[in-house]
Structures are given as structure tokens and as C-alpha cells.
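J.: Fold the following, please.
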Amino acid sequence: MNPAEDTIDIEVQYQPLFELIEDEFDVEIAGLPTSSYSGTMEELNRAGEGDRILADTSPGAVPQLGPDEIDVVGMREAFGAERYFGTLVTTAESDIEEVSDLEGEEIASADIGSVSGGMAPLWMLQENGLDIGNAPEGGGAEGFTWRSGVAHDNAITELIEDDTVMAAGAGEFASIPHVPLDQIEGEYEDLYEISPEVDIAGTRDPELQLLDVSPAIPRAPIVVNTDWEEDIRYDIEEFMRGVDAEELEHDAFDLADELGLDLPDDMLEDYNEGDLDTDDYDLDEDQEADWQDFDDHTLWFSGVVEADHDAYDPVRDFADDLGIAFEDIE
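T.: Here you go, the predicted model:
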């Protein structure tokens, strides 16, 4: 499991899916959060006969590992959206008005193994005339200082808390909650029309300024190592592609208890009944923070749709434009 957001316990987040598979097939899943996107790919790359690995990984893993190493179970779908976006953002009070203004500045991002948080931001920087040097191969950029290798939410935090960082590259799920809707509507129509994050645009402080949005990216895949050829593997794959969104929801009381959160019982009941309006509750500051923690730990996809290696050709296009081969990425 990729460490997309460092503040999230991803094993807790994935518990509904784990429990569905365990109950259906009488198996036990051993969750393995990795330390980086590259770490997930390394686990898949070294898998051999007898290993049974299902991985939630980056779209970049598909062309990088290829059909000899992994099969694509399906593409994660988020509330009807099979595509998502990389973003570049700066602070609201920043003097940075466009991407080209980042010449000579420090930029925080995820590592290159993350398409939305690493590869796409580099692509946008290059498209706007900045010299990316050999950053895609693990080196440094020439036109700016690239501070990569952090989770998406940590890139946003570095931008907010470190005055030397002038921009952050991150997937939309980490940045758009900080971006007011009026920066998106009429400016970035694909993002506006496709992204489910638009519904919560501008709901988190502090406000950030959106500098650029990448072309649409196929959402992350669920993959399996090709050496696993037991019948149960194919049964699990078919089962996962048939799971409904409601089945992937946490029981609100169990999730709040697991995370040690103080939220009103009637709020949790409304969540379980699918009838929650957070405006109905007068939460204090601590409860507001607890609700954000709760919301962050809900599973970030609502289903798995059928997909294959060809679905991830747009990711290879990013790499081609950046002038790199996937085998060169470190």
C-alpha cells in the first residue's frame, strides 16, 4: 500500500476492503504499508512463485513493471471518476502568479514514483519553461530546487509551514480542499467536471493558490504479481470488481473508536445511515479536527473498475515527454 498521505493510518483506512475479502474467502490479509511509492514497486518486483501480493500502487507502476511482473486487477474509481489530476499550488499571499515565476525557487513534492504528486508536477514545470535537469532520474533540477520524496499531504504542509518553499506538487486530493472553487470553475474545466474533490474545494485552511493542473491521469490500479496463479486469485479479482461503494464504507462507531475520536453519537449514526450533514452539528475546535481525521480515513475510492495495461498509456506519455525511461527511475 502506497504512503500517499503520511498522516493516515492506511491499514485502518483499508479495513473495509480487507474485511470484505477475508469474510468472503476465509483468508487473512497481512497489510504492508511501504515507505515510498518506489518501495511498493520493489515489493512487486521481487515477488516470486508462492507470493500472493495484491497492491494498491501508483499508475506509474503499470508501465514501469510491465506485464511480465504484474497483472492489472482493475482501476480504482472515486465516486464515478476514473481519472484524477496532479496540481501545483502556492500560498495565497505568495508573489508567485504563474508557474514560470518558480524559477530559482524551492518546490516540495512527492517522489517521481507518484504520477500525480511527482511526475505530473515535473511535467508541468517543464511545460512552463523550467529546466528540470536530471530530476526524473533521481538527480537535481537546474531551474529550481526540487524537494521530493514526501507524501502528498506533507508536500502541502511544507509549503504552508516553511517560508523557503514556494510551491508544492501534489495530487488533487491533498491540494484542492485548500483551493477556493472560484479558482477552478471556468479555469480548469476538466478538473471541475471530473474531480470529486471539487465538492470540498476551499473547505480547509489555509487557502492556497492553484498555479497549474495536469492533464487527466488514469486513477491508481490494484495489481497482482503474475507468479500468483491460484484459482483464488482470480476469484478475488472478480469479487473486487463487483464491490459496491456502500460495502467499502466504515462503520462510523468502529472507525471513531479505532482512531480515538470524540464525535457526537448522533453524528456517527447519521453517517452510518447515509444522512449526514455536518452543518447540522456545532462542533468545537477539537471535534472539528477529529472530524477531519475521521473523514481522511474513509476509503478514498468507491469501487474497482475493469482495466488493463493499455489504460495506463497516458502515464508512459508523461515519461516520454520528460525524456526518461521507466527503468531509469530511482
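
J.: Flag every buried residue along the helix or strand of the chain at the bottom of the mean pLDDT ranking.
T.: Here the helix or strand of the chain ranked lowest by mean pLDDT, DSSP states H and E is helix 37-45, holding a mean of 86. Within helix 37-45, the residues that qualify as buried are 37-41, 43-44, counting by 16 or more other Cβ atoms under 10 Å. C-beta coordinates here come from the backbone N, C-alpha and C atoms, glycine included.

J.: looking just at contacts, which helices and strands does it meet?
T.: strand 54-56, helix 61-65 (3 or more Cβ pairs under 8 Å, 6 or more residues apart in numbering; DSSP states H and E).

J.: just to revisit the earlier point, which one among the buried residues of helix 37-45 gets closest to R219?
T.: Y37 (14.7 Å; Cβ to Cβ).

J.: Next up, identify which helix or strand the nearest residue to the closest one once chain neighbours are set aside is on.
T.: Of all residues not flanking Y37 in the chain, G113 sits nearest, at 3.1 Å (Cβ to Cβ, 6 or more residues apart in numbering). Using DSSP states H and E, G113 maps to neither a helix nor a strand.

J.: quick one: G113 and E82, what's the gap?
T.: 21 Å (Cβ to Cβ, to the nearest Å).

J.: So for the two, which sits in the more crowded spot?
T.: G113 (26 against 16; other Cβ atoms under 10 Å).

J.: From what I see, that one and S36 are in contact.
T.: Yes. Under the criterion of Cβ atoms under 8 Å, G113 makes contact with S36 at 6.7 Å.

J.: gap between the residue nearest to D111 when sequence neighbours are not counted and N45?
T.: Spatial nearest neighbour of D111, chain neighbours left out: G149 (4.6 Å); criterion: Cβ to Cβ, 6+ apart. Distance, G149 to N45, using Cβ to Cβ: 19 Å.

J.: And the strands in this structure?
T.: 54-56, 70-77, 83-84, 86-91, 106-109, 145-147, 165-171, 208-213, 217-218, 221-225, 303-305 (DSSP state E).

J.: Dump these to JSON lines, plus mean pLDDT, mean neighbour count and distance to Y14.
T.: Putting those into JSON lines (pLDDT from 0 to 100; neighbours: other Cβ atoms under 10 Å; distance: least, Cβ to Cβ, whole Å) gives the following:
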{"stretch": "strand 54-56", "mean pLDDT": "93", "mean neighbour count": "22", "distance to Y14": "8"}
{"stretch": "strand 70-77", "mean pLDDT": "95", "mean neighbour count": "21", "distance to Y14": "12"}
{"stretch": "strand 83-84", "mean pLDDT": "95", "mean neighbour count": "22", "distance to Y14": "18"}
{"stretch": "strand 86-91", "mean pLDDT": "98", "mean neighbour count": "26", "distance to Y14": "23"}
{"stretch": "strand 106-109", "mean pLDDT": "97", "mean neighbour count": "25", "distance to Y14": "24"}
{"stretch": "strand 145-147", "mean pLDDT": "95", "mean neighbour count": "19", "distance to Y14": "28"}
{"stretch": "strand 165-171", "mean pLDDT": "97", "mean neighbour count": "29", "distance to Y14": "18"}
{"stretch": "strand 208-213", "mean pLDDT": "98", "mean neighbour count": "23", "distance to Y14": "28"}
{"stretch": "strand 217-218", "mean pLDDT": "96", "mean neighbour count": "21", "distance to Y14": "21"}
{"stretch": "strand 221-225", "mean pLDDT": "96", "mean neighbour count": "23", "distance to Y14": "11"}
{"stretch": "strand 303-305", "mean pLDDT": "94", "mean neighbour count": "19", "distance to Y14": "13"}
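
J.: got those as CSV, with distance to D153 columns?
T.: Converted to CSV, these look like this (distance: least, Cβ to Cβ, whole Å):
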stretch, distance to D153
strand 54-56, 17
strand 70-77, 18
strand 83-84, 15
strand 86-91, 12
strand 106-109, 11
strand 145-147, 15
strand 165-171, 8
strand 208-213, 13
strand 217-218, 18
strand 221-225, 22
strand 303-305, 24
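
J.: and G117, how many neighbours does it have?
T.: The number of residues near G117, taken as other Cβ under 10 Å, comes to 33.

J.: For it, give me its contacts.
T.: Going by Cβ atoms under 8 Å, 6 or more residues apart in numbering, G117 touches 4, 86, 109-111, 152, 155, 169-171, 174.

J.: hang on, P206 packs against T91?
T.: Yes. Using Cβ under 8 Å, P206 is in contact with T91, at 7.2 Å.

J.: intersection of neighbour lists for those two?
T.: With Cβ under 8 Å, 6+ apart as the test, P206 and T91 both reach I160.

J.: re earlier: is it possible to get CSV of the helices and strands packed on helix 37-45 that adds distance to A319?
T.: Converted to CSV, those look like this (distance: least, Cβ to Cβ, whole Å):
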stretch, distance to A319
strand 54-56, 20
helix 61-65, 7
